[in-house]
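1. structure for this input, please:
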Amino acid sequence: MSVDVSPNALARCATHPDELAGATCQRCGTFVCGACTTWLLGALYCPACAARPEVNYLDTFRLSLWGKRDSGAWFVAGCAVMAMMGGQAAFIEKDVPTLLGMLVALAVCVCFFLGMRWARYGLLLLPVALAIQAALALVFAMVVVFIFLFIFALQIFLDPRNKLFFRVQVPERALRRLWDLRVNNPLARHAVSMGVLAYFMPLFAPAAVICGVIALRRVDPNARPPIGRRASSIFGIVLGMGAMAMWALVAVRLIGSGGLHWMT
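-> Model (predicted):
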């Protein structure tokens, strides 16, 4: 026996009442049709919820860094100053090949700092060209230096944070790792850092435990954005408690040795 359902009884899209709803928003429960369906980070949302910064937190994080200089850009700016000084010394000594190399390096570094995309590739080619120039001049020590500079330039080139400075799109997985490193539950990261420092300065030990406990209580994978770093929080607590135990043992031994010395 079949039961006929009136079309008016079927769920309709909240934005397009003439369209049947195909799903519901996982945040507010609003009915949405296929045209209104928005998938973000593995979940389905209506257009209004998808536009909220706490829901689309990765895109909000990306926009906060979009076109803004990172530490790599400022490092290259320092290299520009060194290239300027090297060019000045080459000009005084009338060393034309070195002067030309320093001028090219200065141009690439300045354009990199200004965010010109071609300079990203120029920064990779520059150490190679300078290494070849040094090899032709039989200055093999400088060849080794330029090889290390190439490795460092390659790290800057592949760094997702530096790509955001040049307004280059970053894959979601890399963006999520960068967000997790910089934004996700920072107290857990501080707990680990202070836990390590606590083995050199005892005052950091209780601070590491307190930060770790607070960070652990904040962990909520179901929040938007999710709050993680449970393992880092626990590790910070363990480091802090271990440091307190170590310094307590040191204090007991110092007091004990001082007492024995007074008795003798």
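2. restricting to C-alpha, output stretch 96-113 in CSV.
-> What follows is stretch 96-113, C-alpha atoms only, in CSV (Å, rounded to 0.1, in the frame of the first residue of the first chain):
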residue,chain,number,x,y,z
VAL,A,96,83.5,44.5,-12.5
PRO,A,97,82.3,40.9,-12.4
THR,A,98,81.6,41.0,-8.7
LEU,A,99,80.0,44.4,-9.0
LEU,A,100,77.6,43.2,-11.7
GLY,A,101,76.8,40.1,-9.6
MET,A,102,76.0,42.3,-6.6
LEU,A,103,73.8,44.6,-8.6
VAL,A,104,71.8,41.7,-10.0
ALA,A,105,71.5,40.3,-6.4
LEU,A,106,70.3,43.7,-5.2
ALA,A,107,67.7,43.9,-7.9
VAL,A,108,66.3,40.5,-7.2
CYS,A,109,66.2,41.0,-3.4
VAL,A,110,64.5,44.4,-3.7
CYS,A,111,61.9,43.0,-6.1
PHE,A,112,61.3,40.0,-3.9
PHE,A,113,60.7,42.3,-0.9
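3. what residues sit buried inside it?
-> 98-99, 101-106, 108-113 (16 or more other C-beta atoms under 10 Å). From N, CA and C alone the C-beta is placed, and that goes for glycine too.
4. with stretch 147-157 instead?
-> L149, F150, A153, I156.
5. export it as PDB, just CAs?
-> Extracted in PDB, the C-alpha atoms of stretch 147-157 (Å, rounded to 0.1, in the frame of the first residue of the first chain):
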ATOM      1  CA  ILE A 147      75.000  26.300  -2.200                       C
ATOM      2  CA  PHE A 148      73.800  26.800   1.300                       C
ATOM      3  CA  LEU A 149      72.100  30.000   0.200                       C
ATOM      4  CA  PHE A 150      70.300  28.000  -2.500                       C
ATOM      5  CA  ILE A 151      69.000  25.500   0.000                       C
ATOM      6  CA  PHE A 152      67.700  28.400   2.200                       C
ATOM      7  CA  ALA A 153      66.100  30.100  -0.900                       C
ATOM      8  CA  LEU A 154      64.400  26.800  -1.800                       C
ATOM      9  CA  GLN A 155      62.900  26.600   1.700                       C
ATOM     10  CA  ILE A 156      61.600  30.100   1.300                       C
ATOM     11  CA  PHE A 157      60.200  29.300  -2.100                       C
END
